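Q: just the structure for this:
(one chain, ligands or ions: 1)
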Amino acid sequence: MVITKLRKVGLLNLIFLLILLAACEEGVTPKLKENKEPEYESVVTDFDKKLKIGFSMDTLEEERWPRDRDFFKEAVESLGAEVVIREAKGDDTLQIVQAETLISEGVDLLVIVPHNAEAVATIVNKAHSSGIKVISYDRLVKNSSVDLYISFDNELVGELQAQAITKLVPKGKYVYIGGANTDNNAHLLKKGVFNVLQPFIDRGDIQVVYDQWTENWTPENAFANMEAALEINNNEIDAVIAANDATAGGVIKALEAQGLEGEIPVAGQDADLAAAQHIVQGTQTMTIYKPIKTLAYEAARAAIKMAGGETVATNRKMNNGKLEIPSLLLSPIAVDKDNIDDTIIADGFHKRDEVYGMTEE
Ligand code: BGC
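A: This next block holds a predicted model:
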């Protein structure tokens, strides 16, 4: 175009044009700037784009999970991102389909509470092939290269349960009602319990007369297990450790059917309202309080940071069968009738009148 113009102009005009072009040297820069502008804008837009976090949950069945969901949503939104939540209702295939959909819908990071520790490893691979990092929430995804595990120290939960019960019953017949075999936490909890029980067992002071997993953690299956334990042992049982409060509830029902409620110490975990009520009524000995808000907020902070390419602080490594996974493990708190007011009630986890409602004078 400049060449065409040159042909048409005379010498003076040529000189003028050269001067003009020189003067327009500055003008070149704005033009380049103009070309660069969209690039610059798109970077800014990417950076400012609201991050989208996917939260794939196994279930909302136990009392704790709706809390996890609500606190996680609140935390992610308070950090300026959005969250898409899916509940798999305890169905592995559904959880995989839902997670795949979240990935294809373009979430920037996936947080997952696996129903089955092994089955969801495939989700981690799929997420990674789309450049999406995955956080294992509360339960560890086994045999995968999941990017972060955030939970409570589940082995310590089991240890705290067994410490509390062995203090009351240092000798006798114990029943262990485990969690779901498919949940890695159930294995960690059991390991913790047996870390404490083993020396008593070795001395011959404690005999574990019944030890079973509870399919899907349901109170009904725990009830059936406890009925079997009572029957096999002619009701001669001295203590029960159950892997959570839902299963402890099943245990207490089975004890009630034999008129044994309140006679035999029972441990659970989660600080469910029913368990807190059982503790003040004397039918459950202890539970474990895990401040869910802290877990959900820590997970949300980690999710946003990792989605933005930052690293997060961890305090442990947990082997998931394939790798040592960087982990952030929070501390659980043992609760019995003596400290219930200073822990779960003081924290606002449950209201005092709800806990004591039926027994308070
Ligand atoms: C959790 C417990 C919960 C159980 C059943 C475990 O993985 O750590 O808090 O009670 O699952 O949902």
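
Q: what strand or helix carries residue 335?
A: strand 333-336 (DSSP states H and E).

Q: so what touches the helix or strand following that strand?
A: Per DSSP H and E, the first helix or strand lying C-terminal to strand 333-336 is helix 352-356. In this structure, residues lying in contact with helix 352-356 by Cβ atoms under 8 Å, 6 or more residues apart in numbering are 273, 276, 277, 280, 340, 341, 344, 345, 360. In this view, the C-beta of every residue, glycine as well, is placed from N, C-alpha and C.

Q: try 6 Å this time
A: 276, 280, 345 (Cβ atoms under 6 Å, 6 or more residues apart in numbering).

Q: could the residues you listed be laid out in JSON lines, adding neighbour count?
A: Output for the contacts of helix 352-356, formatted as JSON lines (neighbours: other Cβ atoms under 10 Å):
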{"residue": "276", "neighbour count": "27"}
{"residue": "280", "neighbour count": "19"}
{"residue": "345", "neighbour count": "19"}
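
Q: still on that earlier bit, adjacent strands (with direction) for the strand holding residue 335?
A: strand 286-289 (antiparallel) (DSSP bridges).

Q: residues in contact with the helix or strand containing residue 103?
A: If you go by DSSP H and E, residue 103 is part of helix 92-104. Helix 92-104 has contacts (Cβ under 6 Å, 6+ apart) with 54, 56, 86, 88, 115, 116, 119, 123, 126, 127, 130.

Q: between the host helix or strand of the second one and helix 92-104, how many degrees?
A: Element membership of residue 56 [criterion: DSSP H and E] is strand 52-57. Orientation check (axes from the mean of the first three to the mean of the last three Cα atoms, to 10 degrees): strand 52-57 against helix 92-104 gives 180 degrees.

Q: using PDB, write out every CA atom in the helix or strand that comes right after strand 52-57.
A: Past strand 52-57, further along toward the C-terminus, the next helix or strand under DSSP H and E is helix 64-78. Taking Å, rounded to 0.1, in the frame of the first residue of the first chain, the C-alpha atoms of helix 64-78 are listed here in PDB:
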ATOM      1  CA  ARG A  64     -22.000 -34.800  58.900                       C
ATOM      2  CA  TRP A  65     -22.100 -34.800  55.100                       C
ATOM      3  CA  PRO A  66     -24.700 -32.000  54.600                       C
ATOM      4  CA  ARG A  67     -22.500 -29.900  56.900                       C
ATOM      5  CA  ASP A  68     -19.400 -30.700  54.800                       C
ATOM      6  CA  ARG A  69     -21.400 -29.700  51.700                       C
ATOM      7  CA  ASP A  70     -22.800 -26.400  53.200                       C
ATOM      8  CA  PHE A  71     -19.500 -25.300  54.700                       C
ATOM      9  CA  PHE A  72     -17.500 -26.200  51.600                       C
ATOM     10  CA  LYS A  73     -20.000 -24.200  49.400                       C
ATOM     11  CA  GLU A  74     -19.900 -21.300  51.800                       C
ATOM     12  CA  ALA A  75     -16.100 -21.300  51.900                       C
ATOM     13  CA  VAL A  76     -15.600 -21.600  48.100                       C
ATOM     14  CA  GLU A  77     -18.000 -18.700  47.500                       C
ATOM     15  CA  SER A  78     -16.500 -16.600  50.200                       C
END
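
Q: so how far is the strand holding residue 335 off the chain centroid?
A: Offset of strand 333-336 from its chain centre (Cα atoms, centre = their mean, to the nearest Å): 20 Å.

Q: state the mean pLDDT of it.
A: In this model, strand 333-336 carries a mean pLDDT of 98.

Q: is that strand up against the ligand anywhere?
A: No. Figure legend: strand 333-336 not in contact with the ligand (Cβ under 6 Å from any ligand atom); closest approach 13.4 Å.

Q: can you give me the buried ones in that strand?
A: Neighbour counts over strand 333-336 (16 or more other Cβ atoms under 10 Å) mark 333, 334, 335, 336 as buried.

Q: can you name the residues that contact the last one?
A: When contacts are counted by Cβ under 6 Å, 6+ apart, residue 336 is found next to residue 286.

Q: could you chop this structure up by domain?
A: 2-152+291-332, 154-269 (automatic domain parsing).
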